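> the sequence and its predicted three-dimensional model are supplied below.
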Amino acid sequence: MDVIIMPTKAMAEKMGAAIIANTIKAKPDCTLGLATGRTMEHLYDILVEMHQKEGLDFSLCRSFNLDEYVGFDGSNVNSYRYFMNHFLFDRVNIDKRNTHVPNGVAEDLAAAAADYEEQMDACGGVDLQLLGIGRTGHIGFNEPLSSFASRTRAVTLTKTTYEQNSPLFENPADMPMRAVTMGVGTILEAKRLLLVATSSEKADIVAKMIEGPVSSMISATALQLHEDAVVVLDEDAAAKLAGKEEYKWSFKHDPRWAAYQNI
Ligand code: GLP
């Protein structure tokens with residue numbers, strides 16, 4: 001795992017965006033795994049700016065989002081399809097037909113989830129999977145006890161996640177208790193993982209994810225099992241890492257990250 005610690009939240013978002021932009025430049029027809037959440041809002045703003053000012057080209061990209069609320073389609077302002085259109089897809093030159101978000105309104109959720117996996121396979125798998133982390137340590141909506149072998153499926157959300165996400169709804173009681181999410185096993189199949197976490201409220205769970213034992217109680221610890229996982233943090237989210245100074249040293253001296261030193 002590579003851990004990159006940036007001085008501020010804005011710089012961590014810029015680093016995350018730069019890693020995504022370089023993936024697109026290196027492989028214009030790449031398949032991106034995308035994420036939602038407050039952490040991603042400004043990161044997507046930076047990608048939009050790169051598209052507008054530097055011509056970052058999304059025209060050949062394909063995308064698969066991690067998750068969606070059960071019962072919501074893209075017309076619902078709290079759906080993740082709406083979020084993606086609003087923060088990214090409507091503002092860059094991606095072909096919307098190449099963007100995918102799990103179907104939360106399918107009559108047969110299991111069949112739709114299996115179909116989602118098939119579509120990912122048909123695209124040759126995900127080149128770069130962007131991830132945030134929830135307070136329970138979830139990636140996507142893989143709550144504690146999600147099997148590391150889990151695939152895309154409908155899940156029930158925990159009370160902690162309900163408390164974390166319901167303030168984003170105009171009427172908090174409207175937040176669904178269920179979601180469809182890529183599984184931990186699905187996520188681990190991406191060629192590269194990029195998790196971005198900022199702010200002090202993430203410091204405890206970030207330390208457990210990076211330095212704690214691998215456990216299905218914290219699905220983000222599965223990143224330790226991936227051969228190419230990158231975690232980008234701001235100082236606040238990195239505050240509880242025992243090896244913080246070592247990670248900074250490694251990043252600074254690692255030739256693989258030479259082009260990223262002045263971001
Ligand atoms: C939701 C999403 C997760 C995301 C998490 C973090 O729960 N399902 O994929 O990582 O939010 O959200 P935030 O960035 O708002 O802290």
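Thanks, I have the structure now.
> show me which helix or strand of this structure is least confident by mean pLDDT.
helix 159-165 (a mean of 93; mean pLDDT, DSSP states H and E).
> quick one, helices of this structure?
Taking DSSP state H as the criterion, the chain contains helices spanning 9-26, 38-54, 80-87, 109-122, 159-165, 184-188, 203-211, 235-238, 244-253.
> which stretch among these comes nearest the ligand?
helix 38-54 (3.3 Å; Cβ to the nearest ligand atom). Where C-beta positions appear, they are placed from N, C-alpha and C, glycine not excepted.
> residues contacting the closest one, please?
10, 13-14, 16-17, 20-21, 34, 56-58, 87-88, 91-93, 130, 132, 168, 196-198 (Cβ atoms under 8 Å, 6 or more residues apart in numbering).
> residues from this structure in reach of the ligand?
Within the chain, the positions near the ligand by Cβ under 6 Å from any ligand atom are 35-39, 66-67, 132-134, 140-141, 161, 165.
> contacting residues for the closest residue to Leu241 other than its chain neighbours?
Spatial nearest neighbour of Leu241, chain neighbours left out: Ala207 (5.3 Å); criterion: Cβ to Cβ, 6 or more residues apart in numbering. For Ala207, the contact set (Cβ under 8 Å, 6+ apart) comprises 240-242.
> so what pLDDT did the nearest residue to Val196 once chain neighbours are set aside get?
Closest residue to Val196 apart from its sequence neighbours, by Cβ to Cβ, 6+ apart: Gly16 at 4.2 Å. On the pLDDT scale, Gly16 is placed at 98.
> Arg135 too?
At Arg135, the model reports a pLDDT of 89.
> does it touch Ile205 like I think?
Yes - look at Arg135 against Ile205 with Cβ atoms under 8 Å: they come within range, at 6.3 Å.
> which one of the two is surrounded by more residues?
The neighbour count for Arg135 versus Ile205, taken as other Cβ atoms under 10 Å, is higher for Ile205 (22 against 15).
> and the closest residue to the more buried one other than its chain neighbours, how far from Phe89?
The shortest distance from Ile205 to any non-neighbouring residue, by Cβ to Cβ, 6+ apart, is to Gly137 (5.0 Å). Counting by Cβ to Cβ, to the nearest Å, the gap from Gly137 to Phe89 is 28 Å.
> of the two, who's got more company?
Neighbour tally, Gly137 and Phe89, criterion other Cβ under 10 Å: the higher count belongs to Gly137, 24 against 21.
> wait, doesn't the more buried one sit right on Val214?
No - look at Gly137 against Val214 with Cβ under 8 Å: they stay out of range, at 11.5 Å.
> what touches both of the two?
Shared contacts of Gly137 and Val214 (Cβ under 8 Å, 6+ apart): Thr221.
> that older thread, for Phe148, find the nearest of the helices of the chain.
For Phe148, the closest of the helices of the chain is helix 184-188, at 4.8 Å, according to Cβ to Cβ.
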